[in-house]
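Chemist: Model the structure of this input:
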Amino acid sequence: MATSLGANQYGKAEVRVVRVHRDGDTHSLKDLNVSITLSGDLEAVHTTGENANVVPTDTQKNTVYVFAKDGIGAIEAFALRLGRHFAARFASIGRARVHVEEYSWARLEVDGSPHPHAFRRAGNEVRTATAVCDAEGEWVLSGLADLVVLKSTGSEFTGFIEDAYTTLAPATDRILATAVSARWRHAGNATEDWDASFAASRELMLEAFARTHSLSLQQSLHAMATAAIDGRPEVVEVRMSMPNKHHFAVDLSPFGLENPNEVFHADDRPYGLIEAAVQADDAPAAGPAWDPYPLLPG
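Modeler: Numbering: from 1, shown residues only. Next comes the predicted model:
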């Protein structure tokens, strides 16, 4: 039976690089996980095993280390540098996609002052960036993952469909907790300060989560995405994935006690999973930045 090669790509996944910037006695850290995906004129390597057009994945790994030596800066800028390098340097490579995860560290304190070179991991939240470079242009996504947030009130869930299998009681006052994963697309790559843009977008989403009296997690998601788009002219689309981290009030009546939403059991699974994309009405076409990932992060 005749066959033909379809879409294909390859690369080096999860290159871990830690860059110490030694600014005198005070040091700073950049802790990254970098994944590179290349595509282009690669039919021969698949059909005949001819490697003439292949940039070895070991070379890709080493390139990350060499580029880190020059300094990393904002991860969006670092991803763009790497993507431009692979797309422009090798004639057989038509498209380079670079995805970066950044793990945050905070300084330890000694005698009430930040220590110049001792650190602790700053929670589980991960900052992300993806850059795609090809002959058609460049596309950049900023994002975050595992940002855990909770509201102890100001959330309800009522008026839903009920049938013979429904046991969930309507709730007019409940805990709302989730772990936010989000990616947002930029109108262009004219952003000069990626760090400031990321921090402002993140803050807008968090403020919307706090301010919204939530009638559903979907409503909260929409409010968060809309806040980033309305507040940042460079952000034109936000895609979010938010699991509902359920908290159930414990029945203390067997012990002769009332429980006015004070004691809860946190249940990690199964959980509701809410996902959606929100974009500005005048957003330009997305280009290939979202691909090959699914519609939503996760």
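
Chemist: and stretch 49-67, what's its mean pLDDT?
Modeler: In this model, stretch 49-67 carries a mean pLDDT of 97.

Chemist: typo on my end, stretch 253-270
Modeler: Rounded mean pLDDT across stretch 253-270 is 95.

Chemist: in that stretch, what counts as buried?
Modeler: Phe264 (16 or more other Cβ atoms under 10 Å). The C-beta positions use only the backbone N, C-alpha and C, and glycine is treated the same way.

Chemist: Could you list the domains of this protein?
Modeler: 9-135, 147-298 (automatic domain parsing).

Chemist: Turn those domains into a markdown table, columns for distance to Thr3.
Modeler: Formatted as a markdown table, these follow (distance: least, Cβ to Cβ, whole Å):
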| stretch | distance to Thr3 |
| --- | --- |
| domain 9-135 | 9 |
| domain 147-298 | 21 |
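
Chemist: Comparing those domains by mean pLDDT, which bottoms out?
Modeler: Across the domains of the chain, domain 147-298 gives the lowest mean pLDDT, at a mean of 91.

Chemist: re the thing from before, which stretch among the domains of the chain comes nearest Met1?
Modeler: domain 9-135 (14.8 Å; Cβ to Cβ).

Chemist: Can you give me the first-to-last residue distance of stretch 58-77?
Modeler: Taking Cα to Cα, to the nearest Å, stretch 58-77 runs 22 Å from one end to the other.

Chemist: now it, how far from the centre of its chain.
Modeler: 20 Å (Cα atoms, centre = their mean, to the nearest Å).

Chemist: Name all residues that make contact with Pro254.
Modeler: Listed by Cβ atoms under 8 Å, 6 or more residues apart in numbering, Pro254 has no contact partners.

Chemist: Then it would be within a helix, right?
Modeler: Yes. Under DSSP: H, G, I helix; E, B strand; the rest coil, Pro254 falls within a helix.

Chemist: Just grab the bridge partners of Ser35 for me.
Modeler: His99 (DSSP bridges).

Chemist: how close does it sit to Ser241?
Modeler: 19 Å (Cβ to Cβ, to the nearest Å).

Chemist: try Glu203
Modeler: On the measure of Cβ to Cβ, Glu203 and Ser241 end up 20 Å apart.
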